[in-house]
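Chemist: everything below, folded, please.
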Amino acid sequence: MLKRSTVAAVATAALVAVGLAVPSPAAAAPTRAQLALRWAPIHHQDVDATGSHALGGRADYITRVDFDGDLNGRNNWDRAGQPGTSMAAAVYYSVAETSSHWYITYFFFHPRDWVDHPFFETEHENDGEGIMFAIERDGSEYGVLRGAVSVAHTNFYSYTPSGSTWTTGRETVDGTLNFATSPHDSFSHPVTAQEARGHGLKAHPQYAINGDGIIYYPSTVSETPSDGNDRDVRYQLIDIFAPGGLWAERDNTSLFAHLGTFAGDTSGGCGSGTFGCGTNSANAPWGWDDGDDLPGRGEITTNPAKLSVEYFTIPGGVSRSYTYNPYSSAAAALSAAAKTAPRVVD
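Modeler: Presented below is the predicted three-dimensional model:
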């Protein structure tokens, strides 16, 4: 009697002989961390080194919320200027899933939102802007990116890549989301950019480096720019829902003044020589809001399928039922609190 392994080998040879493909073991689905790394943007950060509040350009570096070693939002302006304080690059992310799409939010943090003149504009401690990518689960390993919505202060801007099937919905598509190849992996990544000082975020080149600037690349390691004109700096991706992470600290009153809004005060010279300094003036992703649009406060991150349907016309629609959404357990509380939370003007 032939052994089972011999029978299998004979059967395989017979299939090959008649030209039939031999089924391969199914590839493991990517983890959420792998999805986030695959679609993370190549990020252009404009840098302004003028004025004392610029810290020689360091005030425009992206970094961790706890870059200074603690989770006190009211000392970040002050600590950003202290010698030896780390400005290692980091970007936060969260993933939500339906049967039809993945939605990945990326959050960019700066310790200062600053100005270098005394007229009209205010500055404030902490700054949080970002972007949400909607990725169709088309059967390929990582899917295909169909649309994006970015946060620039209190306004949202929508984009589609060339060839996307998504088009203008209730909101007009504001431009094309371009791609570039990273020297640190084999993928083509979307390209985003932030302005200096106020750090509004849009698709590149709607914002672009003007003179000095940093180009950040997604990675699993965190590097610190050599100066304000470093064109190859890797940033580390950090899961918002990691144990002890940003979401776990959402009720920490040293870090957050109220739902999704970072605590910040006027200490350390914020507002000195300028029009003024705002307090409690920056948002985490679950606090982002474009008050002129239908989606509620935070829904760009907490209910991205709903926001996508509002912003885009989508052939075939999208599933509105989440198979994974770590914000869902707190959705009712978030919705109720959002109705009474003060609107933050970033």
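Chemist: and residue 38, what is it in contact with?
Modeler: Counting by CB atoms under 8 Å, 6 or more residues apart in numbering, residue 38 touches 30, 142, 187. Where C-beta positions appear, they are placed from N, C-alpha and C, glycine not excepted.
Chemist: doesn't it belong to a helix?
Modeler: Yes. Under DSSP: H, G, I helix; E, B strand; the rest coil, residue 38 falls within a helix.
Chemist: let me know whether residue 309 touches residue 318 as I believe.
Modeler: Yes. Between residue 309 and residue 318 a contact is recorded at 6.3 Å, counting by CB atoms under 8 Å.
Chemist: looking at these two, which has the bigger crowd around it?
Modeler: Ranked by neighbour count (other CB atoms under 10 Å), residue 309 and residue 318 place residue 318 first, with 21 against 18.
Chemist: what helix or strand is that one on?
Modeler: In the assignment (DSSP states H and E), residue 318 maps to no helix and no strand.
Chemist: got phi/psi on it?
Modeler: Main-chain dihedrals, residue 318, degrees, to the nearest 10: phi -130, psi 150.
Chemist: count the neighbours of residue 157 for me.
Modeler: Residue 157 has 22 neighbours, counted by other CB under 10 Å.
Chemist: tell me which of the contacts of residue 38 fall in helices.
Modeler: The helices, defined by DSSP state H, take in nothing from these.
Chemist: who wins on neighbours among those residues?
Modeler: Using other CB under 10 Å as the neighbour test, those are led by residue 142, with 17 neighbours.
Chemist: got the contact list for that residue?
Modeler: So residue 142 contacts 30, 35, 38-39, 135 (CB under 8 Å, 6+ apart).
Chemist: ok, it to residue 31 distance?
Modeler: Residue 142 sits at a distance of 11 Å from residue 31 (criterion: CB to CB, to the nearest Å).
Chemist: quick one, helices of the chain?
Modeler: Using DSSP H, helices in the chain cover 4-17, 32-39, 76-80, 299-302, 304-311, 331-340.
Chemist: how long is stretch 87-107 end to end?
Modeler: Stretch 87-107 stretches 16 Å from its first residue to its last (CA to CA, to the nearest Å).
Chemist: please disregard the earlier target; I meant stretch 215-233.
Modeler: The first residue of stretch 215-233 is 6 Å away from its last residue (CA to CA).
Chemist: quick thing: my sequence starts at 27, can you match it?
Modeler: Yep, numbering from 27; the last one is stretch 241-259 now.
Chemist: which residues touch it?
Modeler: 63, 66-71, 73, 75, 82-84, 86-88, 112-117, 208-211, 215, 235, 238-240, 260-263.
Chemist: any stretches of this protein with poor pLDDT?
Modeler: 27-53, 357-371 (pLDDT under 70).
Chemist: okay, now residue 277: neighbour count?
Modeler: 8.
Chemist: contacts only, for the residue nearest to residue 275 when sequence neighbours are not counted.
Modeler: Ranked by CB to CB, 6 or more residues apart in numbering and with sequence neighbours excluded, the top spatial neighbour of residue 275 is residue 281, at 5.4 Å. By CB under 8 Å, 6+ apart, the residues touching residue 281 are 91, 97-99, 275, 288-289.
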